[in-house]
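1. take a look and give me a structure for this.
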Amino acid sequence: MSAAIAAAAAGALSSQCNYIGTTSAPDAARSHLHQSFIYQPPVFLPPALSRYESQKRRDWSAFLQYLRDHKPPLVLSRCSGAHVLEFLRHLDQFGKTKVHAEGCPLFGCPQPSPACPCPLRQAWGSLDALVGRLRAAFEETGGDPETNPFGTRAVRLYLREVRDAQAKARGIVYEKKKRRKQYEEPRSDAITFRH
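-> Next up is the predicted model:
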């Protein structure tokens, strides 16, 4: 019985081969249909990057380009917090946030005025997010967290100064969070259970 099945399969295969090889117009159309059903192995595409990951890659590329364009060019291993501060100040020229100078009559007003000659700067929130992405990218590319130039004290202080200056220029006051006491004394009216 298996010999009969094998012979039938061979006959069907040879008739399909003869069928594909014909050249008449209807047969050519059928041949095309037959060939389109040939098994193609699946193509695995890498998953699309999230918006955060895409932005992190763009920011990292921009920082590396800044290091290459620096005079003299810098290598990442010799980059310090001072170089990060230079990069952040360099980005101010592309800012879109109006920050009033102290001598400006609009200093402390929450609504920006287009007539004001004060400079446009990078917003504090944008700089803070940028530093966070670059800090993560540095560590993902093999950088040591202990030597991460984006996490230095100087960078943190700079971001705090930018935040405070921009808040003051807009008339917004950030209050420090109050620290909790290290320990809380038990209340005298509290009920305690002893076993």
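2. only C-alpha atoms for contact and neighbour calcs from this point on.
-> Fine.
3. check contacts around residue 55.
-> With contacts defined as CA atoms under 8 Å, 6 or more residues apart in numbering, residue 55 has no neighbours.
4. which SSE is immediately downstream of the helix or strand containing it?
-> Using DSSP states H and E, residue 55 falls within helix 51-69. Sequence-wise, the next helix or strand downstream of helix 51-69 (DSSP H and E) is helix 81-91.
5. ranges for the strands of this structure?
-> For the chain, applying DSSP state E gives strands covering 97-98, 120-121.
6. buried stuff in the helix holding residue 55?
-> 56, 57, 59, 60, 63, 66, 67 (16 or more other CA atoms under 10 Å).
7. any idea which helix or strand in the protein has the lowest mean pLDDT?
-> Using mean pLDDT, DSSP states H and E, helix 2-21 stands out as the lowest-scoring helix or strand of the chain, at a mean of 50.
8. break the protein into its domains for me.
-> 10-36, 51-170 (automatic domain parsing).
9. about what we covered before: what angle separates the helix holding residue 55 from helix 81-91?
-> Taking axes from the mean of the first three to the mean of the last three CA atoms, to 10 degrees, helix 51-69 and helix 81-91 form an angle of 100 degrees between their directions.
10. just the mean pLDDT for helix 51-69, thanks.
-> For helix 51-69, mean pLDDT rounds to 93.
11. residue 164 - how many residues pack around it?
-> Residues near residue 164, counting by other CA atoms under 10 Å, number 16.
12. again, but for residue 42
-> By other CA under 10 Å, 6 other residues sit near residue 42.
13. what of residue 105?
-> Other residues within reach of residue 105, judged by other CA under 10 Å, total 10.
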